[in-house]
Structures are given as C-alpha cells and as structure tokens.
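J.: Structure for this input, please:
(chains A and B)
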Amino acid sequence: MRIVVIGATSAIAEHCCRLWVTREVCDLVLVARDVAKAGRVAEDLRVRSPASTITVVETDFLDTAAIGRLAAEAAARPIDIVLIAHGVLPEQSLCENDLLVCRDTLEVNAVSPALFAEAFAGYFAKAGRGTLAIIGSVAGDRGRKANYTYGACKGLVARYAEGLEHRFAGTGVSVVLIKPGPTDTPMAAAHRASGRRLASVEEVARAMVRGIDAKRPVVYAPAQWALIMFVVRHLPRFVFNRLNL
Amino acid sequence: MRRVSSWGRLSAFPHEVIELGDRSKIAAELARGRPGIAYGMGHSYGDECLNPDGVLWRTAGLDRFIRFDETSGRLVCEAGVVLGDIQRLAIPRGWGLPVLPGTQFVTVGGAIANDVHGKNHHETGTFGDHVLSLRLLRTDGQEIFCGPAQRPDWFAATVGGLGLTGLIVEAELQLRRVPGPWLAAETIAYSGLDEFFRLSAESHPAWEHAVSWIDCTSRDAVRGLFMRARPAAGEHGTWRERRLAMPLVSPVSLVNRLTLRPLNQLYWTMNKRDVGPRIARYEPCLFPLDAIRDWNRLYGPAGFYQYQCVVPREAGSAPIREMLGAIARSGDGSVLAALKTFGDRWSPGLLSFARPGVTLALDFQNRAGVETLFEQLDAIVSAVGGRLYPAKDARMPRSMFEAGYPRLGEFSDYRDPGMSSAMSRRLMGS
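T.: Numbering: from 1, shown residues only, chains lettered A, B, ... in the order given. Now for the predicted structure:
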C-alpha cells in the first residue's frame, strides 16, 4: 500500500498512519511543513512497523510550483491513497478582527487543500485508479457564528470533493470526504472550554480508515454526526438564527 | 479553563489545560511561570493529578515510540504512551512489560510517577525496577537524564515522585521475554484469611501472578476467590476484546449500602463458575478494571474513594482481619475488594508505595460518614507501621503520609518548585 499524507503531523493523520502501518506493510510519504515534528512521527511509525518505508518530505503548502513538483515526484511510483489532512483552527474573533489572520485561514484550510487535490487529481486521472481522501469538517455543513471562516473553508473543500467525485464517476478513482466532529486533538484543544465531550482521535481515525477502505464518498466521524448535521442543515433560518450553536 | 476530574470523580474544578504534543516544545510550555502538574490518563483516583484553578500539562499527545530494539527488549518512548499500546506493540514480537497495574489505560509517565505494581510483585517488583533511564524537564529549563546508573539520586526521587520532580518527557524501559498473550490461570475459592495466606505462600514461585477478591460483606468467615496465573506458550484460539461501557453517570451511586451485599453475592456466584484451571488472555486476567469502560460512573455524581494500604509482613493477618471487621460493621464497602501480598523487596523510589507486606484495596461510595470509617482504618494501618497508596488517595492526613513515607525529607530536595498539585499542597504543604 503506497500512501501520501499531506499534513502528516496533524493528530488525525498521524493516527490514520498508525492504523495503516499496524495493519500491513506500507510505503508512506509524509508531507509536512514542520519536518522535525514529521521526523518524530516517522520514527514512531517505524517502531510500529519496521518493515514499512516511511519518507518525510518538506513543502510549502501554498506554493503552487512546489505542490506541483511534489505531486509529480510522489507520482513517480503508483499511489493507492492520498490523504489531505492539513489545517488550522484559529479563534473566529481573530479572523473577524484581523484580515490577515482571516486570509491565512482561508488559504491554509481552503485554497491549499484544493491545490493539492487538483495536483493529485491529475495523477489519478492518468493512473485510472486510487483514492483521494480529504478531511473536511462538520463545520463545513452550515455556516455558524462560532467558526464560519473555518467552516467556509471546509465548505469549499466539500464542494471541491463533490466536483472531483463527479469528474471521476465511473472510473477506478474514488474521492472520500471525511467530516470529523469535534475531536480531542491539539488543534481543537483551545476551543474546548465548554468541557463538552470530544471524540477521541483514535475513534475518528478508525472511522476514517474504514470509510477510505469502503470508498464512501462522505464519511462522518464518528458516525452520529451524520444525523446531527442532517438536523442542523435542515433547521429553518428563523429557528437556526436564534440558536447559540 | 476546563473542568477536570480524576478517576474517583470527587471533584470537577476548572483547570488551565495545556496540551503537550511536540516534545521539542515542552520546555517553552513549562517555562510560562505558573505552577502545574502533569496529567496523563487521569486514572489516579484522588487529587494527585489535579491542580484546581491552576495549570495541567496534559501528556495524551505525547504518545510516540522512539526506538525499540527487538534483540535486547529495550524500548524508548514518550511519557504519554499508554501501557496497553506497548503490550500490543511488543507481544507479537515476543516481549512484554514486566509490571502491569490493574488497568492498561495509564501512561508510562504515570506508571513511573506512581511506581505502580502488578499482581506479580514477588517476581518483578515495581514499574520503576524496569526503567533504564528517563528524561526529566524542570520548569526552570534544566534537563535531567537519570536512571539507576546515572544520577541515581534524581531517579530515586522521580520514581514514585508523584510528578513533583519535573515533567517526565521520555523513558527507556527494559521489556522481558514473554511467550505470547496467553496465561494459564486458576481460580480457587477459599474461606478465611489463613487460607488466603497459605495459598499466597504456596503459589510462589510457580505462579507468577496472584491476587484475591474478597467479599467484604462476609463477616467472620471471610470468603474469597484466589486467582493465580502464569505465562502460557502456544496459540489458544482467537480472542476479541469485548468491553462493556457505562454510557453515563448514574444519578445515584449504584454501589450503596442496599446493593453492596447482593452485588458481592453476584460477583461470587458469577466468578465461582471459573473455579479451576483455564487458559485465558492476559487482558481479562491482569486488567479486571478495564472490563467495563468508564466504570467509575457507577458511583454516581458524588464519586468514590479508594482505600489501598500496605501493612508490613511482620504484622501478620491481624490488621487485615481488624480492617475487614471494621468495614463489615460500618455497612460500607466495595464490590471489588482486592487482597494480595507483596514480595520481599523494596522499591526503587524514595516515595514508592510497594514494600514487603500485604496490600488491601477497596472502593467506597462518597457519602457522609465514610471518613469515620477511614479514620478507623488509618489507625489500624498506622499502628503496625503501614501506609496508604498516594495514587489512590484523596484524603489521608498529612501526619499519616509523613509517618508512612520516612524518606520524605530526602525527597523534598528534589522537588521542582514549579510543580504543584492538590495532593502536594495537602500532604507536603506546597
């Protein structure tokens, strides 16, 4: 199994990698901004699966030339799965008060994943097989005051995945959009003042790996979020706008 | 700020929780100047891992393996790695942890800071006996590598040191050869404490693991189930982990004075069916507490106490008999009362709990009046020079801690002034 992971230091991506390497011998390409941290992730994966090959690649997530080059190099050998997992979750108020933070958030969470998806879609179109998995979020299902900048990014990712799915319909290429609910990751840590119970990273990663195996177009992780978001999406405006969600 | 409880769920005060995920950035987090304490899986029962209104450094994200040498069995990992994950990694390669506490959901850092023991103390001692070295970060930025061979004074202070000497970042552990995940186990029904001591003596050294459940509601003729086990080679079928879960906090404690007797009777009846020899996986034998996920919610919103003491071997069975008598008279008690003997070895830490003797552990629903019983038990334990286990404690008097841990004075020199917990303030004054 050859897997390319974009944003491999994200806790969810790291746990997916753990599941993959403990299941079978893998050839993993870990793409990250912080190579030192990715190196520690790689070290851990090598202990878990000494027979697997783990490579760390540094890249700039917004440099189109670098993204193109990276995809071309990674595609030198057949790829089974590409997982696009990077993202940041700033306080919504920062996006409201500082347009620079707002722009950075939009670029890292929306533009960058779309560019990676497009770059690898080109490869998949030629190869005619493989799975492109992208991490969206339940936040992308409906804009909410609590995190609409992040939510809008994930909405873009969802629409992009939907388009790619349409493009590859009837081919051997599948597109999987994963929508995790609030998860106990360092990224979400700052936002859990409410003390609400979060899904564990392991639980979310297991649901993701299962969804990718099954090539399901949309995977809510954990699954109960499918029902919750169905309700949230269908609440009429006059109700929704009065709720403090 | 976020509300945090320990395993006993006695309190849920707000804490400033700082997530540690990248071991290169820990020093910067520690240097922020507010005292705190490390929080791993939150499975210590009392206030050891709590710091109300203060900082908790959560180590759950510090869970990476670093190196594993399959020829020597040496494993280096970050301190937030959970013991169960080590077992799953190592057993298929013929290695295992020599010491496993009653739950697999504890971190390496927590196992060191409490110098935990298993059911095979006779054989392998405590967790600290198998730590080759560890890396400690102090809040002043100092980094200390220590082990039994290098800076042994720092090592002795940190093993069993309740997290107060600094933050344990990583550790090197010596695993030992195991034939596989199976144990040859045997359950024996017995009555009377003399029988328990006879079984304990007879089981050593042929049976590596030994522990006993006792019915704490049985008055004069104590009845119990003695469980012993030793590694078994070979394949014995497939095994799937099945775990029940307690989905929510019960509105009242399901273990209470009315249910105590029937529940003990139920446990006796259910487990008596297992009497005799059998081959079993190590998980249900060694981690009985993990059978029901979130079982601590059974005790309701007020939470529960655990009382675990060790009394010296020389004191014989009298103190255990007195304690069981006091508990039965009080009408309080627990469903999972555990009794076991420790081997004749002293532990590596200045504040380690395990010592030659007999240890008794019971849970008690948190209700008005239970402290009176604890005071009676304290008197029995103190009279024979015993002590309580800080990992389980939320209430022992400071004087009892000082008397039970005579090396506390030496320990104080190694404390990190930037490390403080509700327990350290309660038992050490700062």
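J.: what about residue 128, neighbour count?
T.: Just going to use chain A. Look at residue A:128: counted by other Cβ atoms under 10 Å in any protein chain shown, it has 10 neighbours. Where C-beta positions appear, they are placed from N, C-alpha and C, glycine not excepted.
J.: looking at chain B here, not the other one
T.: Residues lying near residue B:128 (other Cβ under 10 Å) number 27.
J.: For the closest residue to it other than its chain neighbours, list the residues it contacts.
T.: Nearest residue to residue B:128, sequence neighbours excluded (Cβ to Cβ, 6 or more residues apart in numbering or on different chains): residue B:159, at 3.6 Å. If you count contacts by Cβ atoms under 8 Å, 6 or more residues apart in numbering or on different chains, residue B:159 has them with B:112-113, B:115, B:126-128, B:131, B:347-349, B:352.
J.: And those residues, which is closest to residue B:186?
T.: residue B:126 (24.6 Å; Cβ to Cβ).
J.: can I assume that closest one is in contact with residue B:351?
T.: No: look at residue B:126 against residue B:351 with Cβ atoms under 8 Å: they stay out of range, at 11.8 Å.
J.: Between the two, which has more neighbouring residues?
T.: Using other Cβ under 10 Å, the more surrounded residue of residue B:126 and residue B:351 is residue B:126, with 30 against 25.
J.: And that one, how far from residue B:33?
T.: 34 Å (Cβ to Cβ, to the nearest Å).
J.: again, but for residue B:176
T.: Residue B:176 is 42 Å from residue B:33, by Cβ to Cβ.
J.: who's more crowded, these two?
T.: residue B:176 (15 against 8).
J.: Give the closest residue to that one in space, chain neighbours not counted.
T.: residue B:98 (4.7 Å).
J.: For my notes, confirm that neighbour occurs in a strand.
T.: No: looking at residue B:98 with DSSP: H, G, I helix; E, B strand; the rest coil, it is coil, so not inside a strand.
J.: From what I see, it and residue B:121 are in contact.
T.: No: using Cβ under 8 Å, residue B:98 is not in contact with residue B:121; the gap is 10.7 Å.
J.: if I look at residue A:36, how far off is residue B:339?
T.: Distance from residue A:36 to residue B:339, by Cβ to Cβ: 50 Å.
J.: Neighbour count for these two, which is higher?
T.: residue B:339 (23 against 12).
J.: The more buried one: what secondary structure?
T.: strand.
J.: Could you do residue B:265 as well?
T.: helix.
J.: List the contacts of the longest strand along chain A.
T.: What stands out as the longest strand in chain A, according to DSSP state E, is strand A:172-180. With contact meaning Cβ under 8 Å, 6+ apart, strand A:172-180 is reached by A:12, A:124-125, A:127-138, A:140-141, A:154, A:157-158, A:161-162, A:164-165, A:168, A:199, A:204, A:208, A:211-212, A:215-221, A:225, A:229.
J.: tell me which residues in stretch B:241-254 are buried?
T.: residue B:253 (16 or more other Cβ atoms under 10 Å in any protein chain shown).
J.: Then stretch B:162-177?
T.: B:162-173, B:175.
J.: With stretch B:211-231 instead?
T.: For stretch B:211-231, a neighbour-count test (16+ other Cβ under 10 Å) marks B:211-218, B:222-231 as buried.
J.: swap in stretch B:322-337?
T.: For stretch B:322-337, by 16+ other Cβ under 10 Å, it's B:322-324, B:326-328, B:330, B:332-337.
J.: Low-confidence stretches in the chain?
T.: In the absence of a named chain, chain A is used. A:189-196 (pLDDT under 70).
J.: Not quite, go with chain B.
T.: In chain B, residues with pLDDT under 70: B:220.
J.: How about the residues of it by chain A?
T.: B:1-3, B:17, B:19, B:21-24, B:60-61, B:64-68, B:70, B:89 (Cβ under 8 Å from any Cβ of the partner chain).
J.: For ChimeraX, what selects the buried ones among the residues you listed?
T.: Buried members of the residues of chain B next to chain A, defined by 16+ other Cβ under 10 Å, are picked up in ChimeraX with:
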select /B:2,17,19,21,22,23,60,61,64,65,66,68,89
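J.: All the strands of the stretch 201-350 of chain B, in order from the start?
T.: B:209-214, B:223-232, B:244-245, B:276-281, B:292-293, B:304-312, B:337-342 (DSSP state E, counting those that start in this stretch).
J.: can you map out the helices along the stretch 151-300 of chain B?
T.: B:152-158, B:193-203, B:260-272, B:282-286 (DSSP state H, counting those that start in this stretch).
J.: Contact partners for the residue lying closest to residue B:339 once chain neighbours are set aside?
T.: Counting by Cβ to Cβ, 6+ apart, residue B:339 lies nearest to residue B:212, which is 4.7 Å off, once chain neighbours are set aside. Counting by Cβ under 8 Å, 6+ apart, residue B:212 touches B:190, B:196, B:199-200, B:224-227, B:338-340.
J.: Measure how buried residue 208 is and give me the count.
T.: No chain was given, so I picked chain A. Neighbours around residue A:208, by other Cβ under 10 Å: 25.
J.: my bad, chain B
T.: Count around residue B:208 with other Cβ under 10 Å applied: 19.
J.: correct me, but it touches residue B:229?
T.: Yes: with contact defined as Cβ under 8 Å, residue B:208 reaches residue B:229; the gap is 6.9 Å.
J.: Show me which helix runs longest in chain A.
T.: helix A:148-167 (DSSP state H).
J.: That one - contacts with which helices or strands?
T.: helix A:92-97, helix A:99-106, helix A:112-127, strand A:129-135, strand A:172-180 (3 or more Cβ pairs under 8 Å, 6 or more residues apart in numbering or on different chains; DSSP states H and E).
J.: Nearest to residue B:267 among the ones you listed would be which one?
T.: Of the helices and strands packed on helix A:148-167, nearest to residue B:267 by Cβ to Cβ is strand A:172-180, at 39.8 Å.
J.: next helix or strand past that closest one?
T.: helix A:186-189 (DSSP states H and E).
J.: Pull the distance from that following helix to the chain's centre.
T.: Computed by Cα atoms, centre = their mean, to the nearest Å, the chain-centroid distance of helix A:186-189 equals 15 Å.
J.: Which residues does that helix contact?
T.: By Cβ under 8 Å, 6+ apart, helix A:186-189 touches A:10-11, A:87-89, A:182, A:198, B:17, B:19, B:21, B:61.
J.: Verify the contact between residue B:181 and residue B:94 for me.
T.: No: applying Cβ under 8 Å, one finds residue B:181 not in contact with residue B:94, separated by 11.1 Å.
J.: Which of those two has more residues huddled nearby?
T.: A count of neighbours by other Cβ under 10 Å puts residue B:181 above the other of residue B:181 and residue B:94, at 19 against 14.
J.: got the buried residues for stretch B:299-317?
T.: B:299-300, B:303-312, B:315.
J.: now do stretch A:212-220
T.: For stretch A:212-220, a neighbour-count test (16+ other Cβ under 10 Å) marks A:212, A:218-220 as buried.
J.: ends of it, how far apart?
T.: 12 Å (Cα to Cα, to the nearest Å).
J.: what do you get for stretch B:12-27?
T.: Span of stretch B:12-27 from end to end, Cα to Cα: 28 Å.
J.: How far away from the center of its chain is that stretch?
T.: 23 Å.
J.: Does residue B:85 touch residue B:60 like I think?
T.: No: checked against Cβ under 8 Å, the pair residue B:85 and residue B:60 is beyond contact range at 11.8 Å.
J.: number of nearby residues for residue B:379?
T.: Neighbours of residue B:379 using other Cβ under 10 Å come to 12.
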